[in-house]
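Peer 1: only geometry, no sequence info:
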């Protein structure tokens, strides 16, 4: 599991961990039934307090993305397709809300925002197609 922490982002570390794990689950990089590394091991890898990882894992468990198996560890839970779709939409909306708020604050016209999004889709679409052919 690849996670990166930005200590200068202003976002709490547990939120960064949650978002990255959530995205990996929704994208299928972490699959149903896959065991997560232990709190202690991930805290050591990221050089953060184990309580930070424990909090992130617990909140993801409450969201229904992880399930705890007593004495064994935490695993990616079975996610219904409708729940997965709804969660993806919520994550995207949160990200876009920040982008739109920034655009409004910078007085960037809506048409310019749409053009920027289309350029990004083209850039990442090309990158994704390249990865599929490699």
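Peer 2: It's in. Bear in mind that the values here come from a model prediction, so they are computed numbers and not experimental data.
Peer 1: gap between the nearest residue to residue 49 once chain neighbours are set aside and residue 65?
Peer 2: Nearest residue to residue 49 in three dimensions, chain neighbours excluded: residue 43, at 6.5 Å (Cβ to Cβ, 6 or more residues apart in numbering). No exception for glycine: its C-beta is placed from N, CA and C like everyone else's. Per Cβ to Cβ, to the nearest Å, residue 43 is found 19 Å from residue 65.
Peer 1: Return the distance of the residue nearest to residue 49 relative to residue 82.
Peer 2: The spacing between residue 43 and residue 82, counted by Cβ to Cβ, is 34 Å.
Peer 1: Those two: who's more crowded?
Peer 2: Per other Cβ atoms under 10 Å, whichever of residue 43 and residue 82 has more neighbours is residue 43, with 18 against 8.
Peer 1: Show the model's pLDDT score for the more buried one.
Peer 2: Residue 43 is assigned 96 on the pLDDT scale.
Peer 1: residues contacting it?
Peer 2: Taking Cβ atoms under 8 Å, 6 or more residues apart in numbering, we find residue 43 in contact with 49-50, 52-53.
Peer 1: counting contacts, what elements does whichever helix or strand residue 19 is part of pack onto?
Peer 2: Using DSSP states H and E, residue 19 sits within helix 13-26. Under the contact definition 3 or more Cβ pairs under 8 Å, 6 or more residues apart in numbering; DSSP states H and E, helix 13-26 sits against helix 39-46, helix 50-63, helix 81-105.
Peer 1: Can you list the low-confidence ranges for the protein?
Peer 2: Applying pLDDT under 70 to the chain flags the ranges 127-128, 130-134.
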